[in-house]
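**Student:** Dropping the sequence and predicted coords here.
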Amino acid sequence: MSTTGTLDTDEQRLAELGYKQELSRSWSGFQNFAVSFTIISILAGCFTTYGQAWNNGGPVAISWGWPLISIPILIIGFCMSELVSAYPTAGGIYWWASKLGGAGWGWFTGWFNLIGLIAVTASVDYGASLFLNSTLGFYKVDWFSGASLNATTFLHGTFFLFLIVLAVHAVVNIAGSHFVARINGVSVWWHVAGVFAILLVLVFAPAHHQSLKFVFTQRFNNSGFGIHMYWFYILPLGFLLTQYTITGFDSCAHISEETHGASTSAAKGIWRSIFYSAIFGWIVLLALTFAATHVTAINEKAAGGAYVSIAILETALGTGWVKFVLIISTVGQIFCGAACLTSASRMCYAFSRDGAIPGWRTWSRVNSKRVPANAVIFMAVLAALITVPAYFPSKKGEAIEPVAFYAVVSIAVIGLYVAYVIPIFLRWRIGDAFQVGPWNNGNKYKWMNPFATVWVGLITIIFILPLSPGGVPWRKEFDWSLVNYAPIVTGAMTLIVGIWWLVSARHTFTGPRHTISELDAELGGAAPAQSP
């Protein structure tokens, strides 16, 4: 089909769903895949949260945990691919929930999705800033205290660098949708070439490598919890590495109104981004673990607050190779952060377009380049606010990787996966009455959807648990700076939006608005908020 024909078909399908073509539909199917592959970013999650698995389970949490946890994530992706094929809208997940279950389901899904996207933007940009500051420190550039040996000073400088990175990403996103699409296209090849280059370094540069027995059977418990808790508590905490890294693939749905042939392109983009990230990510993690030959030195550096992945590089490679790998990883993380903000802003735009967010007229406005610039700025500001606790490390001043970082990571996982599974559950409940799109799972939905629902319930319980003994309220070493505040944030949000729904929103929020009719009528014939 010609590009014009595809565009007409896309606009026709969007009109059937009740929306005008307001965003610029300039993304190809590859670029749609690219934004999700970039947000998953194995150069980000695999390096920044490697220590979570190393300290909570050890090599087995990485070598076995990654591929095993990737399987249920891929099943969730297949379930979402079927949904985006049927409903290719920027609202994505909450639109599906509203369509399948009603306004109430859509309301809660939208808010979980929004907080998840804010948190994933915050965690990626903060992780990128930590790596960038560490990289600057290797080059003796101390603009943000990157060369400081004092953990507190380093963290303070990193937080200000984080604000700058967020601001740069906001500017990039406001510059134009087509520009962002091109950046994501470059990002895919950076990730592919970068992963290949890192693998070559980790295979040939170290003088020695670990054995197969170490990589596939060695268990560690650096969590501080008793070893008797290994299988049912400590090891599951290590699964955060995989569950966090392979997330954000809902971006394919949020960008669907900007993608040609969205009913098939966005559907393929979701599961393909998960599949290829799982394969390449496992290869990178295995190479990194095989290079971890100086275990005692690595654990000592980790106990002092260093990133475990950086500690492995420092003990296995020469300084020049360490810098080389850090540059590749850091640039990949910066690409990832830009894509996360793109996805978050499109979700904010769509949710605001339907009147769900206070000040919706402002956040649903697009500029002359047909970009929701106000939504971009709004999401960047909220990402900064949710990360403020990272400015305050533990009182002991030991953690370069603050507990706040992993708390934000947990918020991202909980918020996003809860939002993912609500429409998956609703689609299962509807059964064969669901009108599938051109890409669908056939009868396999009958076991895939309930499996996905149970899995998300399980990981939600795991990732609201304390991440260290110091975060357990009734223990003598309790310290508020060590608290995993993921359950506090997600719980408070659920309570607030729940009360809001019961008191007023259920009378005003009716689900996705049909902008072709309802919104124009509400505006009373006045000039619309959106620019043409």
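**Tutor:** Good, I have the coordinates. Bear in mind that the values here come from a model prediction, so they are computed numbers and not experimental data.
**Student:** Low-confidence stretches in the stretch 351-500 of the chain?
**Tutor:** For the stretch 351-500 of the chain, applying pLDDT under 70 flags the ranges 393-402.
**Student:** The chain too?
**Tutor:** For the chain, the stretches flagged by pLDDT under 70 are 1-7, 18-19, 24, 26, 91, 149, 177, 303-306, 393-402, 513-532.
**Student:** Could you pull out the strands in it for me?
**Tutor:** In the chain, the segments counted as strands under DSSP state E are 56-57, 220-221.
**Student:** Could you export these as JSON lines, including distance to residue 241 and mean neighbour count?
**Tutor:** (Each C-beta comes from the backbone N, C-alpha and C, glycine too.) Below are those laid out as JSON lines (distance: least, Cβ to Cβ, whole Å; neighbours: other Cβ atoms under 10 Å):
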{"stretch": "strand 56-57", "distance to residue 241": "9", "mean neighbour count": "27"}
{"stretch": "strand 220-221", "distance to residue 241": "13", "mean neighbour count": "18"}
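**Student:** what about the ones you listed, which gets the closest to residue 392?
**Tutor:** strand 56-57 (23.3 Å; Cβ to Cβ).
**Student:** Run through who's touching the closest one.
**Tutor:** Here strand 56-57 makes contact (Cβ atoms under 8 Å, 6 or more residues apart in numbering) with 65, 219-223, 230, 234-235, 237-238, 240.
**Student:** Looking at these, spot the one nearest residue 23.
**Tutor:** Using Cβ to Cβ, residue 240 is the member of those that sits closest to residue 23, with 33.6 Å.
**Student:** sorry, back to before: can I get the strands of the chain in TSV with distance to residue 189?
**Tutor:** Formatted as TSV, those follow (distance: least, Cβ to Cβ, whole Å):
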stretch	distance to residue 189
strand 56-57	33
strand 220-221	35
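**Student:** wait, which of the ones you listed is closest to residue 500?
**Tutor:** Smallest distance to residue 500 across the strands of the chain (Cβ to Cβ): 36.2 Å, for strand 56-57.
**Student:** starting at the chain centroid, how far to stretch 95-106?
**Tutor:** Centre-to-centre, stretch 95-106 and its host chain are 23 Å apart (Cα atoms, centre = their mean, to the nearest Å).
**Student:** Same question for stretch 158-173.
**Tutor:** Mean-position distance between stretch 158-173 and its chain equals 17 Å (Cα atoms, centre = their mean).
**Student:** which parts of it are buried?
**Tutor:** Buried residues in stretch 158-173, counted by 16 or more other Cβ atoms under 10 Å: 158-159, 161-163, 165-166, 169-170, 172-173.
**Student:** same question, stretch 367-381
**Tutor:** 370-380.
**Student:** and which of those is nearest residue 392?
**Tutor:** Closest approach to residue 392 among the buried residues of stretch 367-381 (Cβ to Cβ): residue 380, at 21.1 Å.
**Student:** gap between stretch 367-376 and the chain center?
**Tutor:** Here stretch 367-376 is found 22 Å from its chain centre; the criterion is Cα atoms, centre = their mean.
**Student:** Give me the nearest residue to residue 483, chain neighbours excluded.
**Tutor:** In space, residue 483 comes closest to residue 471 once its chain neighbours are excluded; the distance is 4.7 Å by Cβ to Cβ, 6 or more residues apart in numbering.
**Student:** Now, the buried residues of stretch 158-173 that are in helices?
**Tutor:** Using DSSP state H, the subset of those located in helices is 158-159, 161-163, 165-166, 169-170, 172-173.
**Student:** Leaving out chain neighbours, which residue sits closest to residue 421?
**Tutor:** residue 456 is the one closest to residue 421 (Cβ to Cβ, 6+ apart), at 4.0 Å.
**Student:** check contacts around the one you found.
**Tutor:** Residue 456 touches 76, 417-418, 420-421, counting by Cβ under 8 Å, 6+ apart.
**Student:** And residue 172, by the same measure?
**Tutor:** 179-180, 183, 338.
**Student:** of the residues you listed, buried ones?
**Tutor:** 180, 183, 338.
**Student:** Which of those residues lies at the shortest distance from residue 143?
**Tutor:** Nearest to residue 143 among the buried ones among the contacts of residue 172: residue 338, at 21.3 Å, using Cβ to Cβ.
**Student:** what's the most distant pair in the contacts of strand 56-57?
**Tutor:** Pairwise distances across these peak at 16.9 Å for 219 and 240 (criterion: Cβ to Cβ).
**Student:** Show the contacting residues for residue 331.
**Tutor:** Contact analysis of residue 331 by Cβ under 8 Å, 6+ apart lists 43, 190, 194.
**Student:** nope, residue 54 is what I was after
**Tutor:** Residue 54 is in contact with 61-62, 220, 222, 238, 298, 302, 308, counting by Cβ under 8 Å, 6+ apart.
**Student:** contacting residues around stretch 485-496?
**Tutor:** 108, 111-112, 115, 386, 389, 404, 407-408, 410-411, 414-415, 463-464.
**Student:** of all those residues, which comes closest to residue 502?
**Tutor:** Of all the contacts of stretch 485-496, residue 502 sits closest to residue 108, with 11.7 Å by Cβ to Cβ.
**Student:** what's around the closest one, how many residues?
**Tutor:** By the criterion of other Cβ atoms under 10 Å, residue 108 has 20 neighbours.
**Student:** Hmm, it is touching residue 500, no?
**Tutor:** No: applying Cβ atoms under 8 Å as the test, residue 108 and residue 500 come out as separate, 10.6 Å apart.
**Student:** ok, residue 224 touching residue 468?
**Tutor:** Yes: with contact defined as Cβ under 8 Å, residue 224 reaches residue 468; the gap is 5.4 Å.
**Student:** how about residue 214, what does it touch?
**Tutor:** Contacts of residue 214 (Cβ under 8 Å, 6+ apart): residue 59.
**Student:** right, and out of the contacts of residue 172, which lies closest to residue 94?
**Tutor:** Of all the contacts of residue 172, residue 94 sits closest to residue 180, with 22.3 Å by Cβ to Cβ.
**Student:** Okay, the residue nearest to the closest one when sequence neighbours are not counted and residue 252: tell me how far apart.
**Tutor:** Counting by Cβ to Cβ, 6+ apart, residue 180 lies nearest to residue 342, which is 5.5 Å off, once chain neighbours are set aside. Noted for residue 342: a distance of 12 Å to residue 252, by Cβ to Cβ, to the nearest Å.
**Student:** Settle it for me: which of these two has more neighbours?
**Tutor:** A direct count of neighbours by other Cβ under 10 Å for residue 342 and residue 252 places residue 252 higher, at 34 against 29.
**Student:** close enough to count as contact, residue 17 and residue 86?
**Tutor:** No: when contacts are counted by Cβ under 8 Å, residue 17 is not listed as touching residue 86 (9.8 Å).
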